[in-house]
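Visitor: quick one, what's the 3D model for this:
(2 chains)
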Amino acid sequence: MASGIKDKVAVLGMGCSKFGERWDCGGEELMVEAYLEAMEDAGIETNQVEAAWFSTHIDEIGVGKGGTPLSTALRLPNIPVTRVENFCASGSEAFRGAVYAVAAGACDIALALGMEKLKDTGYGGLPAGQQGTLNPLWSANGSAPGNFAQLASAYRAKHGVSKEDLKRAIAHVSVKSHENGAKNPKAHLRRPVTEEQVMNAPMIAEPLGLFDCCGVSDGAAAAIVTTPEIAKSMGKDNLITVKALQLALSNGLESQHNSWDGSYFHTARIAAKRAYEEAGIKNPREEVSMMEVHDCFSITEMVTMEDLFISPEGGAVKDVMDGFYDADGQVPCQIDGGLKCFGHPIGASGLRMLYEMYLQLQGRAGERQLKDPKIGLTHNLGGAPMSNVCSVAIIGAQGV
Amino acid sequence: MVGIKAYGGYIPRLRLSRKAMAQANAWFSPGLMGQAKGERSLANWDEDSVTMAVEAARDCLNGTTRDDIDGVYFASTTMPFADRQNSGILSAALTLSEDIPAADVTSSQRAGTTALLTALNAVNGGAGKCQLVAAGDKRKARSASNQEFQFGDGAAALLVSGDDGIARFLGSHSITVDFVDHFRGEEEEFDYGWEERWIRDEGLIKIVPRAVKGALEKAGVSGDQIDHFVFPCTFPRIPQTIAKQCGIDPEKVRDNLGAVCGETGTAHALVMLVDALQDAEPGQKIVVAGFGQGCDALVFETTPALKDLSGRNGVKGSLANRKEETNYMKYLAFNGLVELEKGMRAEVDKKTALTTTYRKRDMLFGLVGGRCTKCGTAQFPRSRICVNPNCQAVDSQEPYSFADKKGQILSWSADYLAYSMDPPSHYGMITFEEGGRFLCDITDVEPGTIDSGMNVRMVFRIKDFDDRRGFRRYFWKAVPEL
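Guide: Numbers count the residues shown, from 1 in each chain, chains lettered A, B, ... in the order given. As a prediction, the model looks like this:
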């Protein structure tokens, strides 16, 4: 029986570029921006990095399908660089690779860096990509918002929620994230919005309006990991260690078998259960201090609250409206603004979530700082409700 | 002995108001206001002559075994492919046997009657036992032309078999003469027509009676015995004049459906025949004539079995499934008569992998998935390992068609971001009552009219156009049953 990842790996340093419409720079510069901050935070030199994992998903925009864009931009000393892609969960996948390498003893210090340059495509939203040769022949002609919007209709049908009540609850999800994002100097969208603004915004994919959709941004985020022993030997204290790293992938059940009702993420529930077990968490609603979840769309965040077993099934609407996930609520969620306002550079997002949890746990989150958080959870999802990759990671202070 | 065994019809749901058409064009051609009466059928953006023929054929074959069909004909002058067998697409969509011949019948407005006659002759001559004839047209006409007011979109299908069926074939006569009332050159988009008075006086009135009289004579039937005279013609009173010349009571001339549908090209003689069969009593005699570089005339006599044929829309049921359209711009857009700004999302290359298309042909054309012989789970697409988490048997699935299975909407969205010719793009997870599901495009739907739990039926439609290469690909979509 595997012993799990808990407390075997510590975060030595992290960095994150300013997210947003970075007309001023390309992917290489974004990588360097996140990397230099992480290196300074870790207090190491480039020649101390022994292996790297690089996540970027939309490969057509300049960087190509290998690891050399990272290696070249950072002038890495000819170390192994593995490029990983797992849809929008790619950043968590890079982190997983680096953490596992350290835990395995294959290297002492490893780098995970995720980057996406989306704003050179000319698209307002995510660029419309190629899907291979078979999928486009039969898959619905949809978009990300339309795929995630499916959750809303199924959720309403299952829990008997009216269109109006659901629309207002998901509006509150976005209002909360805008409030948080306004306090984050690195966030893409920094303007608070009202519930009425959100509810009256132009429709993108029913029932999701413009403010129910996350920002499409350029950005990069990086983590440097090592063992707790090495970190201590380098003079680090207040170590933040990895408590759980789980990944669950759809196997066709949701999209092909009638046992799934369309209102939740089958994979998220599995990944969450495994992560809580790995981290030794018995009652997540009480034990998780804060979360960064994959709020690509407001409805995604709302149903995820149930999938992570924080809200009871059918209880997310009430919790959201009660402010349970607001900055001053019991389990603050998207305290950095989330994908919604910090932005969503695909390959970077999983690492960006960890970056905020890391800052909060170290008490370095500035104006956004929560009071004494112990356990931070990140939930990073790629794909669509009916077929996806779901990562749940938990980090916290060593010994907690 | 040979006859028609079953019929089916399909008229697309949208009906464009001729008043709206005339008003949009009156600034340019005030005379069109004289045609501002009734409505014409309008195919949705994802329909063409093949998809409409598939719907008519499915209506025709409803409740009939398809295993017996040993030949298929598709008639149209608006076939989507000039060099790719269009009847092959029809045959695949209907999951007919691959071990049968198929033929495209085209290049004349009488191609529909010619296809029917060919099938009747083949079966009569012993070359087949049961053959399917389908005709469909989505005709293109210039904006503000008379043709766009006269034309409609639609299809009809007939099953021909070696017994009397519902209408026994009594005889026919054909005339072939290069009378060019209109033509469309190889690379032309639109027809070019000659003076109407000449078409009427030298063409219709002289050629059609020759064919009809010849057919009546061969059938051993006199004109006054005819109960229904089916002859598509947009000239008022000319069918009555022709009927009189042939000894047929002018009262027996069938309505050309001009007011409610418009003329559906090569399909129209068959559309009108199906409409006649839906009105006919057993023991009635019907003449069908199709004009175009000559004329085909066929004589039938209905049998008592006519009244037993049920479970189909035919033309009447299809006409009753109607949605008024008053937006002339939409008609222009659906027919490629105006260039809309489609945005960046329409730029995605729609190149189709022909290898994949062929390998997955039963899935893509026939909506054939799999059913696990171990646990009974129906699933789409068919795969080597069963999707049921409690089964996962390997190589246990037999082909299983979803085309006629009842489905329901589990989840849906109306998407304004994804590119669609008719936004918002509707799609959703469709679950089938007997098992299986997939995320599916939803078509023939108005915003605000659908929700989870609604029943759907599956239809064969155009999935995407590859304008760069002149290709189009087909797949199945869900239509809500309101």
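Visitor: what about the strands in the stretch 101-250 of chain B?
Guide: Taking DSSP state E, counting those that start in this stretch as the criterion, the stretch 101-250 of chain B contains strands spanning B:102-105, B:130-137, B:154-161, B:167-176, B:182-183, B:192-193, B:228-230.
Visitor: please read the previous query as pertaining to the stretch 351-482 of chain B.
Guide: So, for the stretch 351-482 of chain B - with DSSP E, counting those that start in this stretch - the strands run B:368-372, B:378-379, B:397-401, B:407-415, B:425-432, B:437-442, B:455-466, B:471-480.
Visitor: so which of those gets nearest A:P373?
Guide: With C-beta to C-beta, the closest approach to A:P373 among the strands of the stretch 351-482 of chain B belongs to strand B:407-415: 35.3 Å. No exception for glycine: its C-beta is placed from N, CA and C like everyone else's.
Visitor: related to what we said a few turns ago, format the strands of the stretch 101-250 of chain B as a markdown table; extra columns: mean neighbour count and distance to A:M386.
Guide: Supplementary listing: the strands of the stretch 101-250 of chain B in a markdown table, determined by neighbours: other C-beta atoms under 10 Å in any protein chain shown; distance: least, C-beta to C-beta, whole Å:
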| stretch | mean neighbour count | distance to A:M386 |
| --- | --- | --- |
| strand B:102-105 | 21 | 37 |
| strand B:130-137 | 31 | 34 |
| strand B:154-161 | 32 | 34 |
| strand B:167-176 | 20 | 48 |
| strand B:182-183 | 12 | 50 |
| strand B:192-193 | 12 | 51 |
| strand B:228-230 | 26 | 49 |
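Visitor: pretty sure A:L354 contacts A:A223?
Guide: Yes: A:L354 is within contact range of A:A223, at 6.1 Å (criterion: C-beta atoms under 8 Å).
Visitor: list residues touching both of those two?
Guide: Counting by C-beta atoms under 8 Å, 6 or more residues apart in numbering or on different chains, the common neighbours of A:L354 and A:A223 are A:11, A:14, A:95.
Visitor: hang on, the earlier thing: can you list the strands of the stretch 351-482 of chain B in a markdown table and add distance to chain A, mean neighbour count and mean pLDDT?
Guide: Formatted as a markdown table, the entries for the strands of the stretch 351-482 of chain B read as follows, by distance: least, C-beta to the nearest C-beta, whole Å; neighbours: other C-beta atoms under 10 Å in any protein chain shown; pLDDT from 0 to 100:
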| stretch | distance to chain A | mean neighbour count | mean pLDDT |
| --- | --- | --- | --- |
| strand B:368-372 | 9 | 22 | 98 |
| strand B:378-379 | 5 | 25 | 98 |
| strand B:397-401 | 12 | 16 | 98 |
| strand B:407-415 | 3 | 26 | 98 |
| strand B:425-432 | 4 | 27 | 98 |
| strand B:437-442 | 5 | 24 | 98 |
| strand B:455-466 | 7 | 20 | 97 |
| strand B:471-480 | 5 | 22 | 98 |
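Visitor: now for those strands, which one comes closest to A:T194?
Guide: strand B:407-415 (24.6 Å).
Visitor: any idea of the angle that closest one forms with strand B:455-466?
Guide: In this structure, strand B:407-415 runs at an angle of 50 degrees to strand B:455-466, with axes from the mean of the first three to the mean of the last three C-alpha atoms, to 10 degrees as the basis.
Visitor: how confident was the prediction at residue 126?
Guide: Using chain A here. The predicted local confidence for A:L126 comes out at a pLDDT of 85.
Visitor: um, chain B though
Guide: Listed pLDDT for B:G126 reads 96.
Visitor: one more: A:L36?
Guide: A:L36 is assigned a predicted lDDT (pLDDT) of 98.
Visitor: go through stretch A:27-45 and flag the buried ones.
Guide: When burial is assessed from 16 or more other C-beta atoms under 10 Å in any protein chain shown, stretch A:27-45 yields the following buried residues: A:27-35, A:37-39, A:41-42, A:44.
Visitor: which one of these is nearest chain B?
Guide: A:G27 (20.7 Å; C-beta to the nearest C-beta).
Visitor: might one say that that closest one is in contact with A:P69?
Guide: Yes: between A:G27 and A:P69 there is a contact at 6.7 Å, judged by C-beta under 8 Å.
Visitor: once you drop chain neighbours, what's closest to A:F265?
Guide: A:D307 (4.8 Å; C-beta to C-beta, 6 or more residues apart in numbering or on different chains).
Visitor: what is the helix or strand where A:Y358 lies packed up against?
Guide: If you go by DSSP states H and E, A:Y358 is part of helix A:349-361. Under the contact definition 3 or more C-beta pairs under 8 Å, 6 or more residues apart in numbering or on different chains; DSSP states H and E, helix A:349-361 sits against strand A:10-16, helix A:90-103, strand A:110-116, strand A:219-226, strand A:290-292, strand A:375-384, strand A:387-397.
Visitor: so it versus helix A:90-103, what angle?
Guide: Here the directions of helix A:349-361 and helix A:90-103 differ by 70 degrees (the same axes, to 10 degrees).
Visitor: distance of the closest residue to B:F402 other than its chain neighbours relative to B:P381?
Guide: What sits nearest to B:F402 in space, not counting adjacent residues and going by C-beta to C-beta, 6+ apart, is B:L367, at 4.7 Å. According to C-beta to C-beta, to the nearest Å, B:L367 stands 10 Å off from B:P381.
Visitor: what is the burial count for the nearest residue to B:N313 once chain neighbours are set aside?
Guide: Closest residue to B:N313 in three dimensions, ignoring its sequence neighbours and counting by C-beta to C-beta, 6+ apart: B:D59, at 5.3 Å. The local packing count at B:D59 equals 24, with neighbours defined by other C-beta atoms under 10 Å in any protein chain shown.
Visitor: swap in B:D395?
Guide: When neighbours are defined as other C-beta under 10 Å, B:D395 has 9 of them.
Visitor: rewinding a little: can you list the helices and strands packed on helix A:349-361 in CSV and add distance to chain B?
Guide: Below are these laid out as CSV (distance: least, C-beta to the nearest C-beta, whole Å):
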stretch, distance to chain B
strand A:10-16, 28
helix A:90-103, 22
strand A:110-116, 18
strand A:219-226, 22
strand A:290-292, 25
strand A:375-384, 8
strand A:387-397, 9
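Visitor: redo those as TSV? Include mean neighbour count and mean pLDDT.
Guide: Output for the helices and strands packed on helix A:349-361, formatted as TSV (neighbours: other C-beta atoms under 10 Å in any protein chain shown; pLDDT from 0 to 100):
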stretch	mean neighbour count	mean pLDDT
strand A:10-16	25	98
helix A:90-103	27	98
strand A:110-116	32	97
strand A:219-226	32	98
strand A:290-292	28	98
strand A:375-384	26	98
strand A:387-397	26	98
